[in-house]
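would you be able to build a 3D model of this:
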Amino acid sequence: MKVQVRRVDKELPLPEYKTPGAAAMDCSVREDIEIPAKSVAMVPLNIALKPPQGHFVLLAARSSLHKRGLMMANGIGIGDEDFSGDNDEYQAALYNFTDAPVQLKKGDRIVQMIILSFDRVEWSEVDSLGGPDRSGFGTTGI
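Take a look at the predicted model:
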């Protein structure tokens, strides 16, 4: 799939797959940033892009992000296909869960990105779904 992308800082690499079997591309921090203890910071990822029609961007934490004392404040990030202006730079909302500031350096890889297709839902409202009730979460056991 071809995706139009605009880099803010051309010294940094585009998001890239780090292994042949990687499903997601690593994204880099555009500038040095300090995230104060127990705070959220918006961290610029150096790219604006235009997903193909019917696709969206999913941003997720790299598996090592917690080792830095950070987590994505919103769990995951979703970039809609129409979030595609020249200045619509992707950012990661990161929460510092430690008691000390956390430093990020330009070029640090902190989140990963997947571009996925989606279908639009058309509701068909009914009075009954026709299946048995399962009584809530965890009904199939541990």
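
could you use CA atoms for every contact and neighbour count after this?
Will do.

partner residues bridging the residue positioned nearest the centre of the chain?
Centroid-nearest residue in the chain: residue 59, 1.2 Å away (criterion: C-alpha atoms, centre = their mean). Beta bridges link residue 59 to residue 77, residue 113, judged by DSSP bridges.

residues contacting it?
The contact partners of residue 59, taken as C-alpha atoms under 8 Å, 6 or more residues apart in numbering, are 76, 77, 78, 79, 92, 111, 112, 113, 114.

need the contact list for the third one.
Think residue 78. Residue 78 makes contact with 56, 57, 58, 59, according to C-alpha under 8 Å, 6+ apart.

so which of those residues wins on neighbours?
residue 59 (24 neighbours; other C-alpha atoms under 10 Å).

which residues of the chain fall in strands?
For the chain, applying DSSP state E gives strands covering 4-7, 25-28, 33-35, 40-44, 47-50, 55-61, 70-72, 77-79, 91-96, 102-104, 109-117.

distance to residue 137 and mean pLDDT for those - can I get that in CSV?
As requested, the strands of the chain are arranged in CSV below (distance: least, C-alpha to C-alpha, whole Å; pLDDT from 0 to 100):
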stretch, distance to residue 137, mean pLDDT
strand 4-7, 41, 97
strand 25-28, 33, 97
strand 33-35, 36, 98
strand 40-44, 31, 98
strand 47-50, 37, 97
strand 55-61, 25, 98
strand 70-72, 25, 98
strand 77-79, 25, 96
strand 91-96, 28, 98
strand 102-104, 37, 98
strand 109-117, 27, 97
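
of those, which is nearest residue 129?
strand 109-117 (27.1 Å; C-alpha to C-alpha).

picking that back up, out of the contacts of residue 59, which comes closest to residue 126?
Lowest distance from residue 126 to these (C-alpha to C-alpha) belongs to residue 78, with 29.9 Å.

buried ones in stretch 73-91, by neighbour count?
For stretch 73-91, burial by neighbour count (16 or more other C-alpha atoms under 10 Å) applies to 73, 77, 78, 79, 81, 83, 84, 88, 89, 90, 91.
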